[in-house]
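Trainee: Sharing a sequence plus its predicted fold:
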Amino acid sequence: MEVLQEWIRILKAGGLLFVGLLGPTAGPRSNSYPRLQGKDALCHTMIPWEFAKMAEELGMVTIDEFGVYKKEVTQQHYTSLPVPLKQALSFMWVFCLRKSGETNV
């Protein structure tokens, strides 16, 4: 959350922020595995819907978002799905967010 708060702090009112988060199909985060054995581990993972909720709570507005999928996932697999399920299939989810406030466009 601290990183997102800093990005928002340095954005001008109406400024855009583009963020890409690795999705569930990006592969396992092996650096976080020790947590399952009760050991300390770095676990810097975030699910796209968690990021979207946090950004909204901090006053950001989602302008656009889309998934980047592995080649095995075709458009017919995700076209009719709701966004959370599309995110679950994604290799990466990309957000375009706008800082609330007066726009300088």
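Mentor: Alright, I've got the coordinates. Numbers count the residues shown, from 1 in each chain.
Trainee: CA atoms for contacts and neighbours, from now on please.
Mentor: Will do.
Trainee: Look up the closest residue to residue 25, ignoring the ones flanking it.
Mentor: Excluding its sequence neighbours, the residue lying closest to residue 25 (Cα to Cα, 6 or more residues apart in numbering) is residue 91, at 5.0 Å.
Trainee: so who does that neighbour touch?
Mentor: By Cα atoms under 8 Å, 6 or more residues apart in numbering, the contact list for residue 91 reads 22-26, 67-70.
Trainee: where's it relative to residue 67, distance?
Mentor: Distance from residue 91 to residue 67, counting by Cα to Cα, to the nearest Å: 7 Å.
Trainee: center of this structure - which residue?
Mentor: The centre of the chain sits closest to residue 48, judged by Cα atoms, centre = their mean, with a distance of 3.6 Å.
Trainee: Kindly provide the distance from residue 15 to residue 52.
Mentor: As for residue 15, its distance to residue 52 is 17 Å (criterion: Cα to Cα).
Trainee: I'd like the mean pLDDT over stretch 61-71, please.
Mentor: The average pLDDT within stretch 61-71 is 94.
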